[in-house]
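K.L.:
model this:
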Amino acid sequence: MSGTSGPISGGGRWHHEIDTPVGGLRVVADAAAIVGLYHSIHDPAPGPELLGQRVQGPTAEESAPGCAPGVPVAVPPVTADLLTRAAEELAEYFAGSRQAFDLPVELYGTEFQLRVWADLLTIPYGERRSYRDLASRQGNPSMGRAIGAAVRANPVSILVPGHRVVSSTGGVAGYASGAGTKIALLDLESAVRATLGTLGAGSRIP
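P.N.:
Numbering: from 1, shown residues only. All right, here's what the predicted structure looks like:
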């Protein structure tokens, strides 16, 4: 994962919609990395500058905004490959056969958000951390509310696993597509961990 606090432009972004057991996902890529992964019901909803141009499939062609219908604009090959790989790896994740992603990810946010999102990537598959845990890692255990806001603003759901962050009591509020989706993702990972016989190893929820 890499990150930047620079400006976001939708001109070099493409997104592809896929169906999953937790509903639709919009996968966004540029020419170098996955830059967005949003649930179809996402709050706040991503704007056009975050999604870029929509494609029907990873290798499809569509008319560019402002062009006459039928005028094709090819998806750049590197971007098409990223969208294809993302769809494949997400399918494996939901099937329970993938516990880590191999996709390049580029995150855009403030310096504080980037630090929090980097911490999310350290949470192992099937485990959970509290907002207080993450606040402690940032050097201030009392800043849980700010941590929660940064986690909710995470632009690359699942790949950057904000769903693994819960309250100190185990509550699951605060996920961008609702508690039901967050619970479904946690239950999926817990079931896979249980199948592997490693459920609870290293877990540390206060």
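K.L.:
Give the residue spans of the chain that score low on pLDDT.
P.N.:
1-11, 57-73, 198-206 (pLDDT under 70).
K.L.:
mind running it again at 90?
P.N.:
Within the chain, the stretches with pLDDT under 90 are 1-12, 43-44, 55-76, 141, 144, 168-176, 195-206.
K.L.:
Please enumerate the strands of the chain.
P.N.:
For the chain, the strands defined by DSSP state E occupy 2-4, 14-20, 23-29, 34-39, 53-55, 61-63, 72-74, 106-108, 129-130, 165-166.
K.L.:
right, and those - which one's nearest residue 153?
P.N.:
strand 106-108 (10.3 Å; CB to CB). The way it works is simple: take the backbone N, C-alpha and C, and place the C-beta from them, glycine included.
K.L.:
Relative to that closest one, what are the paired strands and their orientations?
P.N.:
Strand pairing for strand 106-108, determined by DSSP bridges: strand 2-4 (parallel).
K.L.:
residues touching the spatially most central residue of the chain, list them.
P.N.:
By CA atoms, centre = their mean, the chain has its centre lying nearest to residue 157, at 1.8 Å. By CB atoms under 8 Å, 6 or more residues apart in numbering, residue 157 lies in contact with 25, 37-39, 42, 163, 176-177.
K.L.:
Could you report the distance from it to residue 142?
P.N.:
Separation of residue 157 from residue 142 (CB to CB, to the nearest Å) stands at 27 Å.
K.L.:
ok, now residue 197?
P.N.:
Relative to residue 142, residue 197 is positioned 38 Å away (CB to CB).
K.L.:
Residue 176 now?
P.N.:
24 Å.
K.L.:
So those two - more neighbours on which side?
P.N.:
Set residue 176 next to residue 142 and count neighbours by other CB atoms under 10 Å: residue 176 wins out with 22 against 9.
K.L.:
Excluding sequence neighbours, find me the nearest residue to the more buried one.
P.N.:
residue 42 (5.2 Å; CB to CB, 6 or more residues apart in numbering).
K.L.:
same check, this time on residue 141
P.N.:
Nearest residue to residue 141, sequence neighbours excluded (CB to CB, 6+ apart): residue 135, at 5.1 Å.
K.L.:
my guess is the one you found contacts residue 148, does it?
P.N.:
No. Between residue 135 and residue 148 no contact is recorded; they are 9.3 Å apart, counting by CB atoms under 8 Å.
K.L.:
I'm done for today, thanks for sticking with me.
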